[in-house]
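1. just to be clear, the model below is a prediction. Sequence and coordinates:
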Amino acid sequence: MLLKPIYQKVYERAKPFLRTRKNLIHTKISLRYALKLLGHGKGDEEVVIPAILLHDIGWKTIPENLHLTAFGPNPSNPKLARIHEVKGAKIAKAILEELHYPPEKVTEICRIIRGHDSRKKAISPSDRIVKDADKLFRYSKKGMAIDEDRFCVRRKIHINFLEDQIEKWFFLPTARRLAREELTQREKEMNWG
Ligand SMILES: [Fe+2]
């Protein structure tokens, strides 16, 4: 995927922090959805792209053996999920400042990262895109396979769960449509065996 040089620089700096929890592939796929959503509505590209590239870098600060206690259907240690947001926002700020990114954009990007999982409301149109793109990953072929493996859940049950979340999770009509299209694809793949 061809990104503008500044976004490529952000991604290069994010990469070492994304090498955990399958976050490299998660970030790439979420970026693809974010670009689609940017093409369909409001949202500031200069906020959305760095925010999606950097949103999960905080996981690197949390020991890998604890990741599965932090998220998923029954997290025993949900505080860790909060820590990944706060630490991620801090590291993102340092990366963006080093790249002399416009300060007002840095502020919004870091606010988005600080609440990307815990804050259920969106603070701006760009935040809506980031939140929806992050969730859409879970409907992608790769994302579903990762979750099913992680949480030992069967495809049919997982599809039903994701279907139920569409109205609750997504802010944008385009994201809901994309989620439904993905699920239709996943169902087809299941029938192909
Ligand atoms: Fe994410």
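-> Thanks, I have it.

2. mind giving me the packing neighbours of the helix or strand harbouring residue 191?
-> Element membership for residue 191 (DSSP states H and E) is helix 173-192. Packing contacts for helix 173-192, counted by 3 or more CB pairs under 8 Å, 6 or more residues apart in numbering; DSSP states H and E, involve helix 23-38, helix 125-136, helix 141-151, helix 155-169. C-beta here means a position set from N, CA and C on the backbone, and glycine is covered the same way.

3. next, the angle helix 155-169 makes with it.
-> Helix 173-192 runs at 170 degrees relative to helix 155-169, counting by axes from the mean of the first three to the mean of the last three CA atoms, to 10 degrees.

4. for helix 173-192, what is the average pLDDT?
-> Mean per-residue pLDDT for helix 173-192: 94.

5. in it, what's buried?
-> Judged by neighbour count using 16 or more other CB atoms under 10 Å, the buried positions of helix 173-192 are 174, 175, 176, 178, 179, 182, 183, 186.

6. tell me the contacts of the residue nearest the centre of the chain?
-> Nearest to the mean C-alpha position of the chain, by CA atoms, centre = their mean, lies residue 134 at 2.7 Å. Residue 134 makes contacts with 30, 52, 55, 116, as judged by CB atoms under 8 Å, 6 or more residues apart in numbering.

7. which residues sit against the helix holding residue 191?
-> Here helix 173-192 makes contact (CB under 8 Å, 6+ apart) with 33, 36-37, 40-41, 132-133, 135-136, 139-141, 144, 155-156, 159, 162-163, 166-167, 169-170.

8. check the offset of that helix from the chain's centre.
-> 18 Å (CA atoms, centre = their mean, to the nearest Å).

9. for the chain, name the helix or strand with the lowest mean pLDDT.
-> None of the helices or strands of the chain scores lower by mean pLDDT, DSSP states H and E than helix 67-70, at a mean of 82.

10. that helix vs the ion: in contact?
-> No: residues of helix 67-70 are not located near the ion by CB under 5 Å from the ion, the shortest gap being 12.5 Å.

11. all set now, cheers.
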